[in-house]
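*Asks:* got a predicted model here, sequence first, then my questions.
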Amino acid sequence: MKQTDSPPLFPEVFARDADPRLVNYPLPSSTEARGRVSILKGYPAENFIPLTSGGVAINGADTQSLFKMLSVVAKASEAGQIRSYDAAYAQDIGGYPQGALVRDKNNIAQLYYSLVDDNMTDPVQDRAQTAQAKSWANVNLYGGNASASGGPKLPVRMIGSTLDAYDETFFLNEKAELMVKISQQQQWARNQQQQARLSQRLMAAAQKQGITL
């Protein structure tokens, strides 16, 4: 995929100006009403049966609501919105996944990056945990310097090109890979130096014997 393949942004919510009576918003999680749409069951079986055989026509207000719910999420996502931690939502999905990013409710420059899957811990409460027990990494957009009790921090700078010193508990794998590459580069440099010294000795020995290489 290329950058130019990006689809147009979604600037408006679907059915924004529709008659409220024609938009069943928000859709219920579940419903027993015949022929009606719900989040968990979707379109019921009777919507797929011909009307002449006892089926029920799809309710337009339900479909309008479905599109509206999806477009609300799409608009917020495309606008770059980062949501704050939501305990009820975490419960519904079984915890935030590894790599999830949420923001602090009271500090717009404080973000939290989930280090584990199924993360049910409130990131604000997690700040009081020891580094080994933490399930969130603190991302402070004022320069990557979270409070001393904040534990592992991501190296973040809004302005400038340098990175803050990273915490080994979070970047352990990256650090190990970097150290291996550095070691390989150092070994290569040592080999080059040894070859250069050997060449110099051979040249000196040849000159003593009157041999031109």
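*Replies:* Perfect, I can see it now.
*Asks:* all contacts plus neighbour counts: C-alpha atoms, from now on.
*Replies:* Will do.
*Asks:* can you tell me, leaving aside adjacent residues, what's nearest to Ala100?
*Replies:* Ser114 (5.2 Å; CA to CA, 6 or more residues apart in numbering).
*Asks:* confirm that Val139 sits in a helix.
*Replies:* No. Under DSSP: H, G, I helix; E, B strand; the rest coil, Val139 sits outside any helix and is assigned strand.
*Asks:* wouldn't it be in contact with Asn107 here?
*Replies:* No. Using CA atoms under 8 Å, Val139 is not in contact with Asn107; the gap is 11.4 Å.
*Asks:* the two: which has the busier surroundings?
*Replies:* Shown here are Val139 and Asn107; by other CA atoms under 10 Å, Val139 has more neighbours (25 against 9).
*Asks:* and the pLDDT for the more buried one?
*Replies:* At Val139, the pLDDT value in this model is 83.
*Asks:* now it, which residues is it bridged with?
*Replies:* Beta-bridge partners of Val139, counted by DSSP bridges, are Leu111.
*Asks:* could you check how far it is from Val124?
*Replies:* 12 Å (CA to CA, to the nearest Å).
*Asks:* just give me the neighbour total for the residue nearest to Ala100.
*Replies:* 22.
*Asks:* please apply the same query to Thr52.
*Replies:* Thr52 has 7 nearby residues by other CA under 10 Å.
*Asks:* look up phi and psi at Arg103.
*Replies:* phi -110, psi 160 (degrees, to the nearest 10).
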